[in-house]
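Let's see this in three dimensions:
(2 chains)
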Amino acid sequence: MPVHNADIVAVFDEVADLLEIEGENRFCIRAYRNAARTLRDLQHEVATMVEKGEPLTDLPGIGEDLARKIKEIVETGTTVILEEDRKRVPGTLTELLKITGLGPKRVQTLYRDLGVRTLDDLRKAAEQGRIKALPGFGDKTEQHLLDTLRARTGKERRFMLAIAAQYAEALIAYLKEAPGVKKVVAAGSYRQAKETIGDLDILVTARTGSPVIDRLVAYREVGEVLAYGTTKATVRLICNLQVDLRVVEDDSYGAALQYLTGSKAHSIVFRQLAQQRGLKINEYGVFRGEKRVAGETEESVYAVVGLPSVPPELRENRGEFEAAKAGRLPILVELKDLKGDLHVHTKVMDGRNSLKDMALAARKRGFEYLAITDHSKHLTIAKGLDSERLLIHMEGIEVDILEDGSLDLPDHVLGRLELVVGAVHSHFGLSQQKQTERILRAMDHPYFSILAHPSGRLIDERDPYDVDMPRIVRKARERGCYLEVNAHPERLDLADTYCQMAKEEGIMVSINTDAHSILDFENLRYGVG
DNA sequence: GCCGTTTTCGGCCCGACTGTTTTCAGTCG
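Predicted coordinates for the structure are as follows:
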């Protein structure tokens, strides 16, 4: 059975969880987590490296010991240390860690004193009132566990960026009206323009005594207040989106924004860099001893470690530090850079607006070009249209890639088009090899221009089909065709890490809306993100 | 368990809030 990076990540994460419950050395635990993170971000299969005998210790956070364990997992699917851990403590305890309020220490207590091994055990113990008597637990904790377990019916929902934006923008406008407030800005994964966000992090700068936290708690959309202090508060909106609010003085704005934006992996490395220079960095500023040396702006915070400010979207510890150090930070694409859209539909097929409406809307945005790319399978129906209308319509096409990788239209038709956008709309369940071969074959077609929504995923709804994306990327380079970043909030593929790969391979990506109405042009901001 | 412009040993990001305490551990981000 082939062992994927995700399998090794799962083993390392479980080892880390179990060691933590056992109260082992926390730095040893962190080493497993760091290694898991490295493998999670890796763009190629580590099993292949093992096969080729490439040194795994070149990977960050992988030393002699973990390299050996990776080999062991690749060969046997597991590692002796995990199996031994499982003998000492039940593996099912890791699921308890996912409950908010339960960390390793409390899980250990629950297991040791009450024999709780599973979520079901936990629920029973709570219902019997046996938890509140444990040391470090109490009435409130037990009640919280009961509430959480009841509410927890398999929903660990993340919000699509476009959905979160609606809540974020309204809330920010509302908070700005609190007396004494200076700046209100969304940080976290929202500011990083991730595809989905787990919660919304809001940073506020305000003069001392501003009632902005009270204003948040009084917001009409707040369903539950989870934490409520003088500098931070956490609430859950009725829509279930969790909001973390943090308030600092205005001269800490840069430090707090940097701190709250993350990602976690980026922040850890960043603080280490500061530490190496004898500096301490926190959300209030950068300090040498007691003296604050920076913090008003993000630029000032990055400058103390000798780096230019890294754009939020790049803060992933995936090479941005090296790039910043070498003065090679990329200039990011911005919305205003877009000159056109190469994938839109009209009401001739399944769109809502006419070709003319779409063209006028595009012109209004300042676009220089627009490709009308209605669907191919419907085009056969369009034979009934008069030839003049058909010809007007024949500028571009979104042609189906059929199961065998052939295109859904004959060459003499495709050859007359300016642009052929190919896409998979069927047979999502093929094996990785078949799916990959299918798409590669389609890309080999002489008229093929752009591979649309290359992974086929619908966020929250449909997983990507199983495809060897690095091969697709290399094929695009070989064939001189392009890959799409579909700006629809549910798609947003090509995904970020593969965009980076495309860039490194020198392949252009086309940010397209796949618009089915003039309103959909607004989605371009998410594609750019 | 990893790692090195201070290091092959001795470090490893940092602070707020909650609940249970009676000065703080645990958890979270």
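
which stretches of chain A have low pLDDT?
Within chain A, the stretches with pLDDT under 70 are A:1, A:152-156, A:376-395.

hmm, try it at 50
A:154, A:378-379, A:381-387 (pLDDT under 50).

Report the contact partners of the closest residue to DNA strand B within it.
Going by C-beta to the nearest atom of the strand, DNA strand B is nearest to A:G138 of chain A, at 1.7 Å. From N, CA and C alone the C-beta is placed, and that goes for glycine too. For A:G138, the contact set (C-beta atoms under 8 Å, 6 or more residues apart in numbering) comprises A:K132.

Those residues of the stretch 1-150 of chain A touching DNA strand B, which are they?
Residues of the stretch 1-150 of chain A found near DNA strand B (C-beta under 7 Å from any atom of the strand) are A:25, A:27-28, A:30-32, A:34-35, A:57, A:60-67, A:81, A:97, A:99-107, A:132, A:135-142, A:144.

Going through the residues you listed, which ones are buried?
Using 16 or more other C-beta atoms under 10 Å as the burial test, these include A:31-32, A:34-35, A:61-62, A:66-67, A:81, A:99, A:102, A:104, A:106-107, A:137, A:141-142, A:144 as buried.

Out of the residues you listed, which sit inside helices?
Members of those lying in helices (criterion: DSSP state H): A:31-32, A:34-35, A:66-67, A:81, A:104, A:106-107, A:141-142, A:144.

could I get these as JSON lines with distance to A:G480?
JSON lines is the format used below for these (distance: C-beta to C-beta, whole Å):
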{"residue": "A:A31", "distance to A:G480": "44"}
{"residue": "A:Y32", "distance to A:G480": "43"}
{"residue": "A:N34", "distance to A:G480": "39"}
{"residue": "A:A35", "distance to A:G480": "38"}
{"residue": "A:L66", "distance to A:G480": "41"}
{"residue": "A:A67", "distance to A:G480": "39"}
{"residue": "A:I81", "distance to A:G480": "48"}
{"residue": "A:P104", "distance to A:G480": "53"}
{"residue": "A:R106", "distance to A:G480": "58"}
{"residue": "A:V107", "distance to A:G480": "55"}
{"residue": "A:T141", "distance to A:G480": "61"}
{"residue": "A:E142", "distance to A:G480": "64"}
{"residue": "A:H144", "distance to A:G480": "58"}
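
Give me the distance between the two termini of stretch A:281-290.
Distance between the boundary residues of stretch A:281-290 (C-alpha to C-alpha, to the nearest Å) amounts to 11 Å.

Run through who's touching it.
A:246, A:248-249, A:251-252, A:255-256, A:259-260, A:270-271, A:274-275, A:278-280, A:292-295, A:300-301, A:304.

Show me those residues that map onto helices.
Those of those lying in helices (DSSP H): A:A255, A:A256, A:Y259, A:L260, A:F270, A:R271, A:A274, A:Q275, A:S300, A:V301.

just the strands in the stretch 301-450 of chain A please.
A:340-344, A:369-375, A:396-400, A:419-423, A:450-451 (DSSP state E, counting those that start in this stretch).

roughly how far is the first one from the heart of the chain?
Average the C-alpha atoms of strand A:340-344, do the same for its chain, and the two points are 25 Å apart (C-alpha atoms, centre = their mean, to the nearest Å).

A:L42 is in contact with A:M501, correct?
No - A:M501 is beyond contact range of A:L42, at 11.6 Å (criterion: C-beta atoms under 8 Å).

Mutual contacts of the two, please.
By C-beta under 8 Å, 6+ apart, no residue touches both A:M501 and A:L42.

between these two, who's got more neighbours?
A:M501 (20 against 15; other C-beta atoms under 10 Å).

quick one, what contacts that one?
A:M501 neighbours (C-beta under 8 Å, 6+ apart): A:Q43, A:M469, A:P470, A:V473.

what do you get for A:G351?
A:V344, A:H345, A:M358, A:D374, A:A515, A:H516, A:S517.

Just give me the neighbour total for A:V248.
Neighbours of A:V248 under the rule other C-beta under 10 Å: 23.

meant to ask about A:H44
A:H44: 10 neighbours (other C-beta under 10 Å).

and if you look at the one 4 residues further on?
Look at A:T48: counted by other C-beta under 10 Å, it has 11 neighbours.

Give me the distance between it and A:D514.
Distance, A:T48 to A:D514, using C-beta to C-beta, to the nearest Å: 34 Å.

A:E484 and A:G456 touch, don't they?
No - using C-beta under 8 Å, A:E484 makes no contact with A:G456, being 11.6 Å away.

which of these two has more neighbours?
Each of A:E484 and A:G456 had its neighbours counted (other C-beta under 10 Å), and the higher figure belongs to A:E484 (25 against 21).

ok, the one helix or strand that one maps to: who's next to it in the sheet?
Assessed by DSSP states H and E, A:E484 sits inside strand A:482-486. Sheet partners assigned to strand A:482-486 using DSSP bridges are listed as strand A:450-451 (parallel), strand A:509-512 (parallel).

Measure how that strand sits relative to strand A:340-344, angle-wise.
Using axes from the mean of the first three to the mean of the last three C-alpha atoms, to 10 degrees, the direction of strand A:482-486 lies 80 degrees away from that of strand A:340-344.

Downstream of strand A:482-486, the next helix or strand is which one?
Next in sequence after strand A:482-486, counting helices and strands by DSSP H and E, comes helix A:496-504.

For A:G480, find the nearest of the strands of the stretch 301-450 of chain A.
Among the strands of the stretch 301-450 of chain A, the nearest to A:G480 by C-beta to C-beta is strand A:450-451 (11.5 Å).

Outside of the closest one itself, list whatever touches it.
With C-beta under 8 Å, 6+ apart as the test, strand A:450-451 has contacts from A:342-343, A:419-423, A:439, A:442-443, A:472, A:476, A:481-484, A:510, A:512.

And stretch A:521-529, by the same measure?
So stretch A:521-529 is contacted by A:161-162, A:193, A:313, A:333-335, A:338, A:341, A:361-362, A:365, A:485-489, A:492, A:511-513, A:515 (C-beta under 8 Å, 6+ apart).

May I see the buried residues of it?
A:F521, A:N523, A:L524, A:R525, A:Y526, A:G527, A:V528, A:G529.

Let me know the closest of those to A:K434.
Set against A:K434, the nearest of the buried residues of stretch A:521-529 by C-beta to C-beta is A:G527 (29.0 Å).

what's the nearest residue to the closest one if we skip its chain neighbours?
Spatial nearest neighbour of A:G527, excluding adjacent residues (C-beta to C-beta, 6 or more residues apart in numbering): A:A487 at 2.7 Å.

now swap in A:M49 and tell me
A:L56 (6.1 Å).

Same check on A:Y369?
A:G340 is the one closest to A:Y369 (C-beta to C-beta, 6+ apart), at 3.7 Å.

For A:A476, list the residues it contacts.
A:M443, A:L451, A:Y482, A:L483, A:A502, A:E505, A:I507.
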